[in-house]
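Asker: give me the fold of what follows.
(2 chains)
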Amino acid sequence: MPNTDSPYDAVVVGASLAGCATAIQLGRAGLRVAVIEKQPDPQAYKRICSHFIQASGVPAIERLGLLEPIEAAGGQRPRVHAWSQWGWIEAPPEQAGRGINLRREVLDPLVRTTAAETPGVEMMLGWSAERLLRENGSFAGVAVRNPDGEERELRARLTVGADGRDSRIAELSEVPVKTSPNARFAYGGYFEGGTPAHAPDASVWFLDPQWAAAFPTDTDLTFYAAMPTKERLPEFKRDPEGALVRFLADIPEAPPIREGRLVGSVMGKVDMTNRMRRPVAPGLALVGDAALAADPLFGVGCGWAFQSAGWLSDAVLPALTGEQPLEKGLDRYRRRHAKELRGHTFFMHDYSKGRRFNPMERMMFAAAARDGRAAAIVDSFATRQIGPAQMMPRMLPRAIAVNARHALAR
Amino acid sequence: MSTEIKRSSLLAGGTRTRLVQAGPADASEALVFVHGNPGSADDWVRLVGAAGAAGHRAVAFDLPDFGETVAPDGFEHTPFGYAEFVAEALEELGIERAHLVLHDFGGPIGLVWAMAHPDALAGIVLIDTGVLPGYTWHTLARIWRTPVLGEVFQAITNRRGYRFALNRNEPRGLPREFVEAMYDNYDRRTRRAVLKLYRATPDPGGMSENLIGILAPRDIPALVIWGEDDAYLPSSYAAEQERAFPSADVHVLPASGHWPFADAPETVERLLVDFLDRAGAPEASRPEG
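Answerer: Here you go, the predicted structure:
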């Protein structure tokens, strides 16, 4: 017979960024939260990740009180320089968004420790979710099991799936999912030396349709990444390190990756299918990649994990601490999630097809490479601080004017 | 890196061609650059200089009816006629072993030469060219190959149209001076030569299996560079070069088109110099009998 504990306010499945951020905020509000994590090692971290956090995620991190510890741990605060065939797109320094670069090896334990030390949060490492509990047509917690086969039922008013792109909770809850294909794959690795020109800022290359990036990070390492279309896959499978170095060295204004030395191994991810799930069900919510696994090319995963955790906490706290029905809070979260991210994902998923730039993108990238103000608008959008609905009306007239001026000056 | 790039002329195959040279002038082993269409010895100035600075003899010349060089009467405008011209030029220059650097139509021409002189081929650098099994001509070539249509097309092509048509197919555009120089050389003589050459080449992939059969067992040191967005010869052929050159070092350059030496000159130069370093010291240092 499985043990049945006294009910929690919330049970969070997954002690990575989104799960821990949710637990910290609910715990600080005085709630009792269980966090389930199948990795028994408290130092565990996500291995396949560019670790880049867009500027959009920084306020959510600051709110958790994690920005200072992250900077103290060596986290960098990069702007992004984007190469295009029309030149580098660089917003004026004071207007450019600043993200965060800290290796997941450092970031994940830092965030997990903070969660574990939050009063009201019970960290259960080495336990995995087996099935969801149900009560009166609503989800009501989760049954978990450890490697010794011990099973427990954790009852909770709110169940949170924060278990990533391949979310088991999403699968068990059978929330609707939409997928769209990704024609690119990703390989990347950490290099010592061979520091790119814009360090400590990040550089990305829109090679239309190929893509590459250099993220200088803590301890003077640089994470080099390539996201080519799948025709390139055989050479990467055959020799991951050789292909990565060769790819980065062969691009325009190439970084000096050949002068660097690989630290650890080159990691690859071949299936990067975009998954968008309905982020709520009765008594249940999904955060981070479990709710939306968007194209890693845009580096939004880590930032959106923190942000979606914040939106969920804000939306459900009135219900979990007071009298409001939970369904209302969940609906508020669903609407917020859609409002903040739907516009971005529409454009991302379309670009995931591996296609070349469309005429509108060509016009905007060209203008941004030629003009600082246009670059600042594109920067705010690319760092996900404004959505397409705010970007377009500002960008289109500017882009038309800048490109017309450029054409006349020739 | 400064090395002297010498411009002169050379009598070969019954005509006088323009010659661009660098490095030790009396070496019997040399890099031999063969341009494509449109193209000329001018395409190679930077790379000839880089190879010379790296201690290698390097030579580039106009093919007959390209650049400023006029074909002699009765010249055969076919890959075989041009390969014969390459052979005669090398003989005049005293080059006994060659590292061929080939671009575009220089590919079929150089490979025909290699088929006839496999022992004299020390190494090969293929830039957006090579063996092309199954290749069918690009649109422009099909126009050139069509009687009357080809003539009309060549007659109406003007500088603006030429520049527009070229750049439209290039991912990054080409340097203005490069395109202008190319058009300057694209005179009536060259236009007629192009029609003859393409019409004499019905099946550009036809020789591939023969070439592979002769070259592959020799495992000749090879460097393959291909602009990923080449609109004329698709970059999917880059990896296929390993069938003829099993040890080839293959580089498909992102955001580059049909003329990587024009749109990615630093990268191409680095790859070439690295390749020469790996291929070892030039044989120039060896005494020759």
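Asker: contacting residues around A:His406?
Answerer: Counting by Cβ atoms under 8 Å, 6 or more residues apart in numbering or on different chains, A:His406 touches A:366, A:370. Backbone N, C-alpha and C define where each C-beta goes, glycine included.
Asker: revised request: answer the last question for A:Leu286.
Answerer: Listed by Cβ under 8 Å, 6+ apart, the contact set of A:Leu286 reads A:160-162, A:167, A:169-170, A:175, A:277, A:279-280.
Asker: pretty sure B:Phe61 contacts B:Leu19?
Answerer: Yes - here B:Phe61 reaches B:Leu19: they are 5.1 Å apart, a contact under Cβ atoms under 8 Å.
Asker: from the contacts of A:Leu286, which ones fall inside strands?
Answerer: A:160-161, A:277, A:280 (DSSP state E).
Asker: need the max-distance pair from those.
Answerer: Greatest spacing in the ones in strands among the contacts of A:Leu286, by Cβ to Cβ: A:Val160 and A:Arg277 (13.2 Å).
Asker: which residue ranges of the chain form helices?
Answerer: I'll assume chain A. Per DSSP state H, chain A carries helices over the ranges A:17-28, A:58-63, A:67-72, A:104-116, A:168-173, A:233-238, A:240-249, A:301-321, A:326-351, A:359-370, A:372-382, A:388-409.
Asker: that answer is for a different chain, and I need it for chain B
Answerer: Secondary structure of chain B, counting by DSSP H: helices at B:45-53, B:79-93, B:106-116, B:139-145, B:149-156, B:159-168, B:176-185, B:188-199, B:208-215, B:237-240, B:260-263, B:265-279.
Asker: between the ones in strands among the contacts of A:Leu286, which sits nearest B:Gly150?
Answerer: For those, the nearest to B:Gly150 is A:Arg277 (57.6 Å; Cβ to Cβ).
Asker: beta-bridge partners for that closest one, please?
Answerer: Beta bridges link A:Arg277 to A:Val177 when assigned by DSSP bridges.
Asker: my read: it touches A:Ala170, true?
Answerer: Yes - applying Cβ under 8 Å as the test, A:Arg277 and A:Ala170 come out as touching, 5.3 Å apart.
Asker: need the residues touching each of those two.
Answerer: Listed contacts common to A:Arg277 and A:Ala170 are A:177, A:286, A:290; contacts here mean Cβ under 8 Å, 6+ apart.
Asker: any residues of the stretch 151-300 of chain A in contact with chain B? List them.
Answerer: Listed as neighbours of chain B in the stretch 151-300 of chain A under the rule Cβ under 8 Å from any Cβ of the partner chain: A:205, A:207-208, A:210, A:212, A:228, A:231-232, A:234-235, A:246-247, A:249-252, A:254.
Asker: how close does B:Val179 sit to A:Glu253?
Answerer: 22 Å (Cβ to Cβ, to the nearest Å).
Asker: so between the two, which is more surrounded?
Answerer: Neighbour totals were compared for B:Val179 and A:Glu253, and B:Val179 leads with 21 against 14 (other Cβ atoms under 10 Å in any protein chain shown).
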